[in-house]
Structures are given as structure tokens and as C-alpha cells.
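In: What follows is a protein structure lacking sequence information:
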């Protein structure tokens, strides 16, 4: 691990490959991290080995393989959010490989806040393909009113191996289809909204005189759904997500605040686009296309999105302060909820990540989303970066490689612990409240969400969380799963 300066200290966080020779000194800490991947079909029992030092000393190593395996596919999702695709498709694949190895997935948005402006691109899909040419972004965006089909060839070439999971055919978990993938659909794709927008704040009236706008959205989504069905992309978690924020008076941006909506017309616009998404998806129900809304003010929804959304990604602050509004929707309508926020600072305990995931899970959420995770400049290798979990770097030959933060291991630890808890809970039919009470026997998950400003996603801090209690929770859960009682339907 590389030690980076933060808060007047040096903390190990970015991870680099082990050099051939590593010199150790008795008066200097050296952080070495090793991943051990146990095959899913490994026989349970003890495995013993040793680490041999160059001076002849041997450090014993012992691994206990438990008599059960967690699922290859995640049942609790850690979605690593990012903005702007890398320059080359192989860089994108390398990023996803690092995510795969940590049982998380990276979801990279490929359009900007300014797509509504005249003369701007409607999307940013121009990665260099393995053939050497770039994706034809102009042709991808060239969709006319009432068109029924779009150009998907480069999309399939670039993203197909990740979407269907074949990118990971040789991985330790096998091929895993993408758990979360942003589609391009938003208020200015396939058609730019301001070319058809009347100025009415009510989205249902704003495009009434130009019905081709809504028809084209539905047509192209139907076309994509048919493509996905033909490619057998039925296990991928596609997302239609409106990321943009604007106002009625800004012609360069969306007419509404669609990401973290704050007012009546914002929520009504999201309802309008939700209905279009439902229509576009309805012909191919086996293709998983979720209508996702990122929300920080659920108190202003007032029922406008009832049965009109599939996935709420709720801010950490809102999930702490308006949890009942969210969980009532989950119970009543089957709404899925994830919780978004920021990873802990490098100088803070990584147990905050584990506590964040457990806190979300115990209240019914099925995922967490750190809102930004990609450091493209490589600065996180030199200076502590709270957000930089995936770090772009150059190897000795000048090729781009993806390094990662030690905190990514904490996300994997959290994800695996929740897999244990799900394995324990499901056969016994435990209620959400019973699951919460079980966790509370071990941990006090009292969160303090720190926001730097109103727009900040928030960083959740759980104080002096006991590492020992986390370990006891994991061990006791494993023991219960392994025991006859753990596999029965007894409570």
C-alpha cells in the first residue's frame, strides 16, 4: 500500500502490485495486502501454509473454509458510481474487472448536465474500440422525430461483454451480468427536450403540442428492449435515470430538477417520464429495465410517484431523517431502495463503510451507492482522495492501468457479511424487524451524517464502531448457517 498524506499523517490507502523485492525495516510500518480467492467448490476444513521471508523466517498462515458458499451473484449491491467513460474500452473493462474482484460493480454515466443546449452532444459515447476506431457517437445520437430504431452496433460491441457477463468468463465467480448499467435515455435523448418544449411547467402539457417527442422516446426504448431480448440480456440490471438539474428559465439545461427533485413540477415531470419508460419497456417484460430516481427530499414527493418508479436511490441524510417515508413505499408498492453517500475519508476508519452497508440492509435497503468513485488524474496515488476508489495510473510501458483503494476491500467485506446474513435469514423467513434486532445484538449503528452543504451527498460516520463486534457478528452468523438450526425454519 502507498502511504498518502492526510490530516497531518501518512495513511496507507492506494494499492500497487507487490514489487519483486520488498525491503522491510524494524522501525517502519509496511502495509501489505493479499487477496485469497477460495474456489466455490472447495472442501470445508483447515488449510495451512506459510509465508517465507528472505532471511529464512517463516510466518504461519491458516485458512478455515466454511461448509457453505455465498452466492456468486450479489444479493446486496454496492454500486460504484462514476461520471464520464474512459478513453479506451479496455480501460473500461479493466475498471469493471477490479470491481468484479471485489463483488461490486461500477456504473458510469455517459451524458452531461448540458445535453439540452442547442448544438451540444446528447451523449458522450466515443470510447476507442478494440478494433482501433472510436464509437460513432454522432450516428448514435442521430435520431429523428418518430424514428422507430436507433444505431446500436457500437454500443453492443463496446458494452456487450460486460452487459452479458462474458467479460468475466475466466473469473473466480464465472460470468456475472452487469448488476447495474445506465442507459442513455434522459430528457434530451433520444430527442432534445427544448426543441419540443412549450415552456409549460407541467410536463404532461409541455409536450402536448409536439407528441412526437414522447412517441420517439417510447419507440427507441422499445427498440432497445427488443435488442436486449435478442441478445439474451435478461439478467442485466439496466437503469433509466434522469441525472440532470435545471429550471424553466435555463435553455441549456433540463426544464426541471430531475436528480434530487425539490418541487411539485419536478416530481410531476419524473412521473411523466416514468410513464413513458413503462410504455417503452412493456413489450419485453423479461428485460430488466428499472426506472431509477435519486432522491434527497422524499418529503416533497407527496404520492406523485406511486407505482411509477422501481428504484429509489436515497441520500444517506434522507434515509436517516425520513426513513419512514421510504420504507412505507417499500412495504406498500414493492419499491426497491438503495442508499447513496460518500465513502469515508482516508483518515477515518473503514469500518464506517461496513456500518453504512449494514445500517442500510437492516432497514430494508438492497444496496448502497458511493456517488463518485473514479480518480482519473491519478492524484489519489499521491494525496488522500476521499472519493477515489478506482485510480487511473500508467505502468512502466505507458499503458493505462487501474489501481484501487484499500477502502474497496471494506466494501467487499461489507457485501460478504450481508451475504452471510441473507443466507441466515432466508431459510428461516425472518422479518425485517427480526433481522434488525439480530444485528443490534452485536452493533449499535448510530449514524451521524455530515453534509458540507445542501447539495452534498453526505458522509455517514458511526463513531467508535467495534471491530471485534463486527467479527463476532460474522463468526456467529457463519456458525448459525452451518448448524442444523441455521438451515431449518425455526426462529
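Out: Nice, I can see it. The model shown is predicted, which means the values in this text are computed figures rather than measured ones.
In: Number of residues surrounding residue 454?
Out: Using other CB atoms under 10 Å as the criterion, residue 454 is surrounded by 9 other residues. Using the backbone N, CA and C atoms, a C-beta is placed for each residue, glycine as well.
In: Can you classify it by secondary structure?
Out: Following DSSP: H, G, I helix; E, B strand; the rest coil, the label given to residue 454 is coil.
In: ditto for the one 10 residues further on
Out: Three-state call for residue 464 (three-state DSSP): coil.
In: gap between it and residue 355?
Out: Counting by CB to CB, to the nearest Å, the gap between residue 464 and residue 355 amounts to 11 Å.
In: Same check on residue 323?
Out: Summarising the geometry, the distance separating residue 323 from residue 355, computed by CB to CB, is 16 Å.
In: Could you check which of those two is surrounded by more residues?
Out: Regarding residue 323 and residue 355, a neighbour count based on other CB under 10 Å identifies residue 355 as having more, with 25 against 17.
In: The closest residue to that one other than its chain neighbours: neighbouring residues, count only.
Out: Leaving aside its chain neighbours, residue 355 sits nearest to residue 462 (4.0 Å; criterion: CB to CB, 6 or more residues apart in numbering). Neighbourhood size, residue 462 [other CB under 10 Å]: 22.
In: ok, now residue 470?
Out: 19.
In: Where does it sit: helix, strand or coil?
Out: helix.
In: what residues are up against the residue lying closest to residue 233 once chain neighbours are set aside?
Out: Closest residue to residue 233 apart from its sequence neighbours, by CB to CB, 6+ apart: residue 163 at 5.4 Å. With contact set as CB atoms under 8 Å, 6 or more residues apart in numbering, residue 163 has these partners: 177, 178, 181, 231, 233, 236.
In: element containing residue 25?
Out: Assessed by DSSP states H and E, residue 25 sits outside every helix and strand.
In: and it, what does it touch?
Out: When the contact criterion is CB under 8 Å, 6+ apart, residue 25 has no partners at all.
In: which other residues reach stretch 223-232?
Out: The list of residues contacting stretch 223-232 from outside it, by CB under 8 Å, 6+ apart, reads 148-150, 152, 156, 160, 163-164, 183, 234, 236, 238, 280-281, 283-284, 286-287, 289.
In: right, and the secondary structure at the residue most central in space within the chain would be what?
Out: The central residue of the chain, meaning the one whose C-alpha is nearest the mean C-alpha position (CA atoms, centre = their mean), is residue 79 at 1.2 Å. The three-state label given to residue 79 by three-state DSSP is strand.
In: any idea how far residue 149 is from residue 365?
Out: In this view, residue 365 and residue 149 are 37 Å apart by CB to CB.
In: still on that earlier bit, please name the bridge partners of the residue nearest to the centre of the chain.
Out: Here residue 79 sits in beta bridges with residue 105, going by DSSP bridges.
In: Spit out the contact partners of it.
Out: Taking CB under 8 Å, 6+ apart as the criterion, residue 79 is in contact with 104, 105, 106, 107, 179, 180, 338, 367, 368, 369.
In: Wait, the first one touches residue 411, no?
Out: Translated: residue 104. Yes. Using CB atoms under 8 Å, residue 104 is in contact with residue 411, at 5.4 Å.
In: intersection of neighbour lists for the two?
Out: A shared contact of residue 104 and residue 411, defined by CB under 8 Å, 6+ apart, is any residue touching both; here these are 78, 80.
In: Give me the residue ranges of this protein where confidence is low.
Out: Scanning the chain for pLDDT under 70 picks out the ranges 484-491.
In: Helices of that one, start to end?
Out: Using DSSP state H, the helices assigned to the chain run over residues 89-101, 137-141, 153-164, 203-206, 212-230, 264-281, 316-321, 323-333, 351-362, 407-428, 432-440, 467-482.
In: which secondary structure elements does the last one contact?
Out: Judged by 3 or more CB pairs under 8 Å, 6 or more residues apart in numbering; DSSP states H and E, helix 467-482 is in contact with helix 351-362, helix 407-428.
In: Just name the most buried of these.
Out: With neighbours defined as mean count of other CB atoms under 10 Å, those peak in mean count at helix 351-362, which reaches a mean of 24.
In: what distance separates that one from the centre of its chain?
Out: When C-alpha coordinates are averaged (CA atoms, centre = their mean, to the nearest Å), helix 351-362 and its chain have centres 15 Å apart.
In: Show me the contact partners of it.
Out: Contacts of helix 351-362 with the rest of the structure, by CB under 8 Å, 6+ apart, involve 76, 78, 316, 319, 338-339, 341, 343-344, 367-368, 407, 410-411, 413-415, 417-418, 421, 432, 435-436, 439-440, 443, 445, 447, 460-462, 465, 467, 470.
In: Many thanks, have a good one.
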